[in-house]
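1. All I have is the shape, not the residue letters:
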């Protein structure tokens, strides 16, 4: 912290302060930041670890101590503070010092320090991985996430949710433990589960997911209009019994029109090369008008919907795919969120 508070900041750190804490629960330290006659007091608590589920009770206790001691801010010091934990601490108005280099100290109108440390591994989600899914956004575990986001008003039983998305009850239990530990979901007295922070869950899923169409089969159609290509291919897939779902800008045209689609992106449950030959599509290395990909998990087809005779991925899956796209696609993702997803996801989390 002293290194961060160099001469340019105008503040000096005094970490030698000791306070009579009276009836307040003992805190680990009280630091002072001084700049001339201005002084800000910081209540410090050192933790060997802090996880998302700890943020609520720790923040409440620290704030009570800060109020008793007349301190300006509360600060957690820990060897490691995960991204989700940082997000929840910031919402609670508690700052942090992560010994890997992640620091946030905000004294409104007086001082703001934010530094970034080592990049967090996307699969590190909890203190005890036994009985948990390490990464709930991959493979069959992602079906649980998709179901929760696709039906945000619903309270799910664990086995009910597992049956709905075609996974084992054990996988459902482990995935929900991970999500609950990160305060993405909450339970009622009957142990049913629902979303607690839908927007954060959706954005985290999008942030750690690689674009599915980067390694797609690339083809050109003889039809010049992408919307016409989408409808024609959809009809052919239906007649051939192919399971499919249109995504990215081609799907957004039917769900949240904003930007024209130059390329039609479609998930299919068959080999793209074999399908292309049947459909009369020509393979190319670049300049494609159609991309076909077989998803790593068939969950992408779940909760899909029909729009003007075209089957499109669910809006939450569409957000993830657009978020990881190029050009205008991230902007379309945000428009989709604001117009189609925000109300259900954000209001649900506030209840």
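-> On my side now, so go ahead. A quick note: this is a predicted structure, and the numbers were derived from the prediction, not measured. Numbers count the residues shown, from 1 in each chain.
2. now stretch 227-243, how far from the centre of its chain.
-> Computed by CA atoms, centre = their mean, to the nearest Å, the separation of stretch 227-243 from the middle of its chain amounts to 32 Å.
3. Could you pull out the buried residues of it?
-> Buried residues in stretch 227-243, counted by 16 or more other CB atoms under 10 Å: 227, 229-231, 233-234, 237, 242. (Each C-beta comes from the backbone N, C-alpha and C, glycine too.)
4. now do stretch 149-156
-> 149-152, 154, 156.
5. Return the member of these nearest to residue 270.
-> Nearest to residue 270 among the buried residues of stretch 149-156, counting by CB to CB, is residue 150 at 24.4 Å.
6. Hmm, the closest one is touching residue 305, no?
-> No - judged on CB atoms under 8 Å, residue 150 makes no contact with residue 305 at a distance of 9.7 Å.
7. residues touching residue 188, list them.
-> Taking CB atoms under 8 Å, 6 or more residues apart in numbering, we find residue 188 in contact with 155, 194.
8. Make CSV out of the buried residues of stretch 227-243 and add pLDDT and distance to residue 286.
-> Supplementary listing: these in CSV, determined by pLDDT from 0 to 100; distance: CB to CB, whole Å:
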residue, pLDDT, distance to residue 286
227, 93, 22
229, 96, 18
230, 96, 21
231, 95, 25
233, 97, 20
234, 97, 25
237, 97, 25
242, 97, 25
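9. Excluding chain neighbours, give the residue nearest to residue 315 in space.
-> Spatial nearest neighbour of residue 315, excluding adjacent residues (CB to CB, 6 or more residues apart in numbering): residue 340 at 5.2 Å.
10. Quick check: phi and psi on the one you found?
-> phi -120, psi -20 (degrees, to the nearest 10).
11. Please renumber the chain so that the first residue is 26 from this point on.
-> All set: I'll call the first residue 26, so the last point we hit is now residue 365.
12. which SS class is residue 270?
-> Residue 270 falls in the strand class when you classify it by DSSP: H, G, I helix; E, B strand; the rest coil.
13. That one: neighbour count?
-> Counted by other CB atoms under 10 Å, the residues lying close to residue 270 total 26.
14. That one pairs with what?
-> Taking DSSP bridges as the rule, residue 270 bridges to residue 292.
15. Residue 283 versus that one, what's the distance?
-> Using CB to CB, to the nearest Å, residue 270 is found at 19 Å from residue 283.
16. Same question for residue 189.
-> Distance of residue 189 to residue 283, computed by CB to CB: 31 Å.
17. Also residue 343?
-> In terms of CB to CB, residue 343 sits 12 Å off from residue 283.
18. list the residues that contact both of these two?
-> In contact with both residue 343 and residue 283: residue 277, using CB under 8 Å, 6+ apart.
19. out of these two, which sits in the busier spot?
-> Higher neighbour count among residue 343 and residue 283: residue 343, with 26 against 18, using other CB under 10 Å.
20. After the host helix or strand of that one, which helix or strand is next?
-> Using DSSP states H and E, residue 343 falls within helix 340-348. Downstream of helix 340-348, the first helix or strand assigned by DSSP H and E is helix 354-361.
21. Show me what the helix holding residue 343 is packed up against.
-> Where contact means 3 or more CB pairs under 8 Å, 6 or more residues apart in numbering; DSSP states H and E, helix 340-348 is packed against helix 166-175, helix 223-233, strand 269-272, helix 273-280, helix 354-361.
22. what kind of secondary structure is residue 364 in?
-> Three-state assignment for residue 364 (three-state DSSP): helix.
23. Just give me the neighbour total for residue 248.
-> 16.
24. ok, now how distant is it from residue 63?
-> In terms of CB to CB, residue 248 sits 69 Å off from residue 63.
25. between the helix holding residue 343 and helix 354-361, how many degrees?
-> 150 degrees (axes from the mean of the first three to the mean of the last three CA atoms, to 10 degrees).
26. ok now helix 340-348, how far from the chain's centre?
-> On the basis of CA atoms, centre = their mean, helix 340-348 sits 12 Å off its chain's mean C-alpha point.
27. in it, what counts as buried?
-> Of the residues in helix 340-348, those buried (16+ other CB under 10 Å) are 340-348.
28. Make JSON lines from those and add pLDDT to it.
-> Formatted as JSON lines, these follow (pLDDT from 0 to 100):
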{"residue": "340", "pLDDT": "97"}
{"residue": "341", "pLDDT": "97"}
{"residue": "342", "pLDDT": "97"}
{"residue": "343", "pLDDT": "97"}
{"residue": "344", "pLDDT": "97"}
{"residue": "345", "pLDDT": "97"}
{"residue": "346", "pLDDT": "97"}
{"residue": "347", "pLDDT": "96"}
{"residue": "348", "pLDDT": "96"}
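29. Out of those residues, which is nearest to residue 56?
-> Nearest to residue 56 among the buried residues of helix 340-348 is residue 348, at 39.4 Å by CB to CB.
30. Enumerate every residue touching that closest one.
-> Each residue near residue 348 by CB under 8 Å, 6+ apart is listed here: 231-232, 354-355, 358.
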